[in-house]
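Novice: pasting the structure only:
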Ligand SMILES: Nc1nc2c(ncn2[C@@H]2O[C@H](COP(=O)(O)OP(=O)(O)OP(=O)(O)O)[C@@H](O)[C@H]2O)c(=O)[nH]1
Ligand SMILES: [Mg+2]
Ligand SMILES: [Zn+2]
């Protein structure tokens with residue numbers, strides 16, 4: 001059994017459940033080795049190395065080959081926020097190796113353009129979905145972030161930044177209403193100036209000791225600005241505390257310049273942990289059809305009233321969904337559902353789909369030839 005100082009790791013977000021899972025890891029580790037293992041939290045993942053926190057100090061580490069192989073078999077990756085068991089090698093290098101990962105309580109993942117899954121973060125309680133009220137404001141993108149979090153056990157909270165540059169209270173209210181209308185289930189929404197300490201005060205119920213938050217959103221949304229405000233709130237020795245770099249946005253479209261390049265976990269003075277992340281160029285959530293349906297629960301609720309049982313809500317007569325849901329939201333739902341279905345297809349299903357597309361392409365060409373008189 002491994003031994004660790006629960007109280008010391010509690011301020012890094014360790015919970016009883018995670019601690020219990022950690023003590024239950026006999027798996028591939030020999031008993032003798034287990035006693036040398038230390039429980040630590042992953043604060044950064046780099047191409048060739050990891051950064052771990054033991055509750056007092058951070059250390060550089062590497063992933064043991066056996067663990068790498070197991071993760072690959074499970075189509076999984078270590079992510080910032082994971083709890084791991086690490087030990088120093090017995091040789092003169094004294095290098096730190098990660099041998100085991102404690103099964104995460106929550107995990108967020110995304111897909112790349114080829115459908116491959118990539119870990120985003122592990123063991124977070126709340127996801128702050130950060131969006132600027134400037135030209136960053138995009139409801140379809142926000143729905144993608146909601147789908148990313150849906151069904152994972154992570155609570156989404158929407159933070160609209162740059163409230164200070166809105167022309168008047170009315171436009172601010174309208175934007176907030178527009179967000180509310182696109183939410184299938186109630187969700188907290190905050191409009192803030194990310195520079196202002198008031199933002200940290202209003203989010204205080206989410207930054208209690210032991211909680212972990214992740215900030216997600218596009219480049220330039222204000223994630224690092226808000227991280228810095230949270231880091232300095234309630235801290236007398238501000239000048240010693242780490243501050244994240246922030247960068248300006250382009251004036252014509254409010255896009256950021258990808259200032260943050262890696263995910264990093266920080267401890268807040270309140271005892272919570274916060275993970276700042278780089279803005280993703282295009283977010284494709286690792287959501288299955290069920291998660292997408294839950295994100296658009298209003299559509300799922302209306303669908304049984306459509307005249308046809310298999311209504312696709314395109315141009316069928318008697319479609320209640322098309323009447324009741326905005327076209328933009330419906331289009332986004334259909335797009336996310338197509339992506340989810342493609343991502344969860346087996347290789348065989350994918351090949352069959354490709355063959356069907358090719359066959360219909362050939363049939364179409366043949367029809368055109370026939371029409372134009374060619375045989
Ligand atoms: N006026 C105003 N400016 C803000 C606010 N939040 C962020 N900014 C500015 O917006 C720009 C981008 O902020 P960052 O915090 O670097 O954005 P980010 O989301 O971390 O961007 P990446 O690291 O590129 O993903 C900076 O110039 C900030 O000063 C806000 O609430 N009000
Ligand atoms: Mg940043
Ligand atoms: Zn319909």
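Specialist: Cool, got the structure. Computed from a predicted structure; not experimentally measured. Numbering: from 1, shown residues only. Ligands and ions are numbered 1, 2, ... in the order given.

Novice: Quickly check: stretch 330-342 near ligand 3 or not.
Specialist: No: remark: stretch 330-342 sits outside contact range of ligand 3, by Cβ under 5 Å from the ion, the gap being at least 9.2 Å. From N, CA and C alone the C-beta is placed, and that goes for glycine too.

Novice: From the chain's centroid, how far away is that stretch?
Specialist: When C-alpha coordinates are averaged (Cα atoms, centre = their mean, to the nearest Å), stretch 330-342 and its chain have centres 18 Å apart.

Novice: Name the residues of that stretch that come out as buried.
Specialist: 330, 332, 333, 334, 336, 337, 339, 340 (16 or more other Cβ atoms under 10 Å).

Novice: need the contact list for the third one.
Specialist: Each residue near residue 333 by Cβ atoms under 8 Å, 6 or more residues apart in numbering is listed here: 143, 292, 295, 296, 299, 325.

Novice: how about the helices of this protein, start to end?
Specialist: 6-10, 16-23, 31-34, 65-73, 139-149, 169-181, 197-202, 223-232, 289-295, 297-302, 320-324, 327-343, 347-371 (DSSP state H).

Novice: other SSEs contacting the second one?
Specialist: With contacts defined as 3 or more Cβ pairs under 8 Å, 6 or more residues apart in numbering; DSSP states H and E, helix 16-23 has these neighbours: strand 83-88.

Novice: The strand it packs on pairs with which strands?
Specialist: Strands that pair with strand 83-88, judged by DSSP bridges, come out as strand 38-45 (antiparallel), strand 96-101 (antiparallel).

Novice: can I get the ones you listed in CSV with mean neighbour count and distance to residue 190?
Specialist: CSV is the format used below for the strands paired with strand 83-88 (neighbours: other Cβ atoms under 10 Å; distance: least, Cβ to Cβ, whole Å):
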stretch, mean neighbour count, distance to residue 190
strand 38-45, 23, 26
strand 96-101, 21, 33
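
Novice: Let me know which of the ones you listed is the nearest to residue 207.
Specialist: strand 38-45 (17.0 Å; Cβ to Cβ).

Novice: And the residue nearest to residue 307 when sequence neighbours are not counted, how far from residue 312?
Specialist: Distances taken as Cβ to Cβ, 6 or more residues apart in numbering put residue 318 closest to residue 307, at 2.8 Å, once the chain neighbours are dropped. Using Cβ to Cβ, to the nearest Å, we find residue 318 at a distance of 13 Å from residue 312.

Novice: try residue 64
Specialist: According to Cβ to Cβ, residue 64 and residue 312 sit 49 Å apart.

Novice: So these two - more neighbours on which side?
Specialist: When residue 64 is set against residue 312 and neighbours are counted by other Cβ atoms under 10 Å, the residue ahead is residue 64, at 18 against 12.

Novice: near ligand 3, which residues of this structure show up?
Specialist: 306, 311, 313, 319, 321.

Novice: Swap in 6 Å and give it another go.
Specialist: With Cβ under 6 Å from the ion as the criterion, the chain meets ligand 3 at residues 306, 311, 313, 316, 319, 321, 322.

Novice: Return the members of the residues you listed classed as buried.
Specialist: By neighbour count, with 16+ other Cβ under 10 Å, those hold 306, 311, 313, 319, 321, 322 as buried.

Novice: which of those lies closest to residue 205?
Specialist: Nearest to residue 205, judged by Cβ to Cβ, of those is residue 321 at 35.9 Å.

Novice: Once you drop chain neighbours, what's closest to residue 275?
Specialist: In this structure, residue 275 finds its nearest non-sequential neighbour in residue 214, 4.3 Å apart by Cβ to Cβ, 6+ apart.

Novice: picking that back up, you'd agree the residue nearest to residue 307 is up against residue 309?
Specialist: No: counting by Cβ atoms under 8 Å, residue 309 is not a contact partner of residue 318; they are 11.3 Å apart.
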